[in-house]
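# need a 3D model of the following:
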Amino acid sequence: LHALTGLLRHLRPDVVHTHSSKAGVLGRPASLATGIGRRVHTPHTFAFLFTAMFGALKRTLFRSIEVALGRVTARTIAVSTGEAESFARSAVVPAERIRVVPNGIDPARFLAARPADLAGLGFDPRLPTAAVVGLVYAGKGQDLALECLARRGCEELQILFAGPGDLRPCQELALRLGVDARVRFLGARSDVPALLAACDFLILPSRWEGMPYIVLEAMASARAVAATPVDGARELIVHGSTGRLARAIDAASLAEEVRALLELSPSERARLGAAGRARVLAGYKIEDMVARTLDVYREVL
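As a prediction, the model looks like this:
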């Protein structure tokens, strides 16, 4: 907080835009303490909604902090329409101060990617392979994807997991479920475009999201997506057109949609992927996100 207040006094910005919980709880008080900058905050989902990570007492504390800071925040940005609706339902910030700025990506890396060598990663290239990409923790639901592998209709599916975090719980679960031969935990990777290009589709098993970048990236890679019905995924994925959206956030529901993708022919999955790519290029590029963010800045100024 001391460092941030010093930085604000040095830079004297017109807007102080904070992202995520910890930065929001430091950056906005720094703005208040110095009287510098109009405050804009992008939560990328509120921590008090993380029921799988925090107990009731912590979530109550987190919510009270967000309510207090929400009163002195000019605009709160939701990264999807679904997230904006979640914000409004939670009554943490005044609804009239919520603005939607969907996430956007630079699709160039995904349009030009060459597929990674699945055999070199220890997979059988003759079998269907899906990707699960993201930070390894409860919110991203890697355990739900592993449970899918143990369900009927998914006996031949292979999954590569990419992302940093503590892999031991996932590795232990894979062993208990008897699916360890069909998974690879790759850790943090810099070649996600190549991994997506090598896979047949993406699985998003998340328990909560704002708008998942990896879904945008998979769609830019022309890959179909099977996802839980979290914020962002519900508006990105047109069920049956760009992918499959589960009825609930659980392994059984997700496995139904994974099976549905496995039952499609490669050409049918390619059709879903092409529709997803067109959707990203039509409105979810980084320049779209920048332009809408600037609109919010102009509004608060």
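# quick one: the strands in the stretch 151-300 of the chain?
Here the stretch 151-300 of the chain has its strands, by DSSP state E, counting those that start in this stretch, at 158-162, 183-187, 201-204, 224-227, 243-245.
# can you say which of those is nearest to Ala145?
strand 201-204 (5.2 Å; C-beta to C-beta). From N, CA and C alone the C-beta is placed, and that goes for glycine too.
# what distance separates that closest one from the centre of its chain?
12 Å (C-alpha atoms, centre = their mean, to the nearest Å).
# what of stretch 43-62?
That offset, for stretch 43-62, works out to 17 Å (C-alpha atoms, centre = their mean).
# what sits against the most centrally placed residue in the chain?
By C-alpha atoms, centre = their mean, the chain has its centre lying nearest to Pro212, at 2.3 Å. Residues near Pro212 by C-beta atoms under 8 Å, 6 or more residues apart in numbering: 134, 204, 206, 227, 230, 232-233, 236.
# reformat those residues as a markdown table; add pLDDT and neighbour count.
Shown next, in a markdown table, are those (pLDDT from 0 to 100; neighbours: other C-beta atoms under 10 Å):
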| residue | pLDDT | neighbour count |
| --- | --- | --- |
| Gly134 | 96 | 21 |
| Leu204 | 98 | 30 |
| Ser206 | 97 | 27 |
| Ala227 | 98 | 28 |
| Val230 | 95 | 27 |
| Gly232 | 93 | 27 |
| Ala233 | 95 | 23 |
| Leu236 | 94 | 27 |
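# so which of those residues is the closest to Arg184?
For the contacts of Pro212, the nearest to Arg184 is Gly134 (15.2 Å; C-beta to C-beta).
# does that closest one really touch Pro164, like I thought?
No - applying C-beta atoms under 8 Å, one finds Gly134 not in contact with Pro164, separated by 9.3 Å.
# quick check: beta-bridge partners of Gly165?
Assessed by DSSP bridges, Gly165 has beta-bridge partners Val136.
# hang on, isn't it packed against Tyr137?
Yes - here Gly165 reaches Tyr137: they are 5.6 Å apart, a contact under C-beta under 8 Å.
# near Arg97, how many other residues are there?
Using other C-beta atoms under 10 Å, the number of residues around Arg97 comes to 17.
# ok, it to Arg182 distance?
Counting by C-beta to C-beta, to the nearest Å, the separation of Arg97 from Arg182 is 47 Å.
# returning to that earlier point: measure the residue nearest to the centre of the chain to Gly122 for me?
Taking C-beta to C-beta, one finds Pro212 at 26 Å from Gly122.
# again with Glu156
Counting by C-beta to C-beta - Glu156 and Gly122 are separated by 16 Å.
# cool, Asp180 as well?
11 Å.
# so those two - more neighbours on which side?
Using other C-beta under 10 Å as the criterion, Asp180 and Gly122 rank with Asp180 on top: 17 against 11.
# check contacts around that one.
171, 174.
# ok, residues contacting the strand or helix carrying Ala145?
Here Ala145, judged by DSSP states H and E, is contained in helix 142-149. With contacts defined as C-beta under 8 Å, 6+ apart, helix 142-149 is touched by 130, 132, 134, 136, 154, 157, 159, 161, 169-170, 173-174, 177, 179, 182-183, 203, 205, 207, 228, 249-251, 254-255, 258.
# in the longest helix anywhere in the chain, what's buried?
Looking across the chain with DSSP state H, the single longest helix is helix 266-283. Judged by neighbour count using 16 or more other C-beta atoms under 10 Å, the buried positions of helix 266-283 are 269, 271-273, 275-277, 279-280.
# kindly report the same for stretch 133-152.
Those buried within stretch 133-152 under the rule 16+ other C-beta under 10 Å are 133-134, 136-137, 139-151.
# tell me the pLDDT at the closest residue to Phe110 other than its chain neighbours?
Leaving aside its sequence neighbours, Phe110 sits nearest to Ala220 (C-beta to C-beta, 6 or more residues apart in numbering; 3.9 Å). pLDDT recorded at Ala220 is 98.
# now the one 4 residues further on
Per-residue pLDDT puts Ala224 at 98.
# shouldn't it be in contact with Ser267?
No - Ala224 lies out of contact with Ser267 (C-beta under 8 Å); the separation is 11.7 Å.
# for burial, what's the neighbour tally of the residue nearest to Ala113 when sequence neighbours are not counted?
Nearest residue to Ala113 in three dimensions, chain neighbours excluded: Pro193, at 3.5 Å (C-beta to C-beta, 6+ apart). Close neighbours of Pro193, defined as other C-beta under 10 Å, add up to 21.
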